[in-house]
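Student: sequence below, structure please.
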Amino acid sequence: MLHDFDDLGGYSIRATDGELGAVKDLYFDDSDWSVRYLVADTRRWLPGRRVLLVPDVIDEAIPADKAVAVSLSVEQVKESPDIGEDMPVSAEHERALHDFYNWSPYWVVYPGYAGPLAFGSVVTEGTQPGVVEAEGPRLRSAAEVEGYHIAANDGEIGHVETFLVDDEGWAIRYLVVDTRNWLPGRKVLVSPSWIQGVSWSQNQVMVDLTQEQIKNSPPYHKGQPMNREQESVLFTHYGRPTYWDEQPRPKTIW
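Tutor: Residues are numbered from 1 along each chain as shown. Purely as a prediction, here's the structure:
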């Protein structure tokens, strides 16, 4: 199911033994736009703490209840390492977090892995023979990227209003682009697979599309659920293969 990030932000987080907090943000990997963590605001329960939760501990997202159920207890989270309030999250903090929960680190590639690394790689002292770690996780805040400018091949066309997040694969499937400065009242969807570059310093996303293609694309209406048929129409318009038909890209083991 696809969730509007602006709706998902604010969902309550249900631990196995009580409420834990609320979703504050998502941290995604800027190499493939996969969600690495839900960021939980736990100030009412655990003052001053920011909690990161990997998708593997999410049992389900429940739009009707505006809630996310996770397979952790309040006590487990209370005793977890403190990540602090500021981005970026350091590699040391991530390692401590994964060690505490015994989570498999996403940045580790195991022997026999044949696919490309998302980042440059190094063999880290203390890892198992043949185990390779990616050089530094590349985490980005979804909340921070909202508002970034969208540049087509032939000029600017709007800005990122929000994202549609897939709760099955926990990936950002679409950027919701507000084109009101060019196309009044119109919002459209752009897949991360059509992005050809991001200037993080200039807050700009470059897409391999023309202004005309975006102008004539199917409009997106907030609150209207996206089904597979509507997604197919979108990909057909742009003449691009659908993400569910593409060969899966090899990834690190989660």
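
Student: isn't residue 189 right up against residue 172?
Tutor: No: in this structure, residue 189 is not within contact of residue 172 by C-beta atoms under 8 Å, at 11.3 Å. Where C-beta positions appear, they are placed from N, C-alpha and C, glycine not excepted.

Student: for the two, list the residues in contact with both.
Tutor: residue 164 (C-beta atoms under 8 Å, 6 or more residues apart in numbering).

Student: quick check: bridge partners of the closest residue to residue 142 other than its chain neighbours?
Tutor: Nearest non-adjacent residue to residue 142, counting by C-beta to C-beta, 6 or more residues apart in numbering: residue 26, 4.2 Å away. In this entry, residue 26 is beta-bridged to residue 38, by DSSP bridges.

Student: residue 26 against residue 34, yeah?
Tutor: No: the pair residue 26 / residue 34 is not scored as a contact, 10.3 Å apart, by C-beta under 8 Å.

Student: neighbour count winner among these two?
Tutor: Higher neighbour count among residue 26 and residue 34: residue 26, with 24 against 19, using other C-beta atoms under 10 Å.

Student: which ones are touching the more buried one?
Tutor: Shown in contact with residue 26 (C-beta under 8 Å, 6+ apart): 5, 8, 35, 37, 38, 39, 141, 142, 143, 163, 165, 172.

Student: thought residue 7 was touching residue 61?
Tutor: No: with contact defined as C-beta under 8 Å, residue 7 does not reach residue 61; the gap is 10.0 Å.

Student: ok, these two, which is more surrounded?
Tutor: Using other C-beta under 10 Å as the criterion, residue 7 and residue 61 rank with residue 61 on top: 19 against 15.
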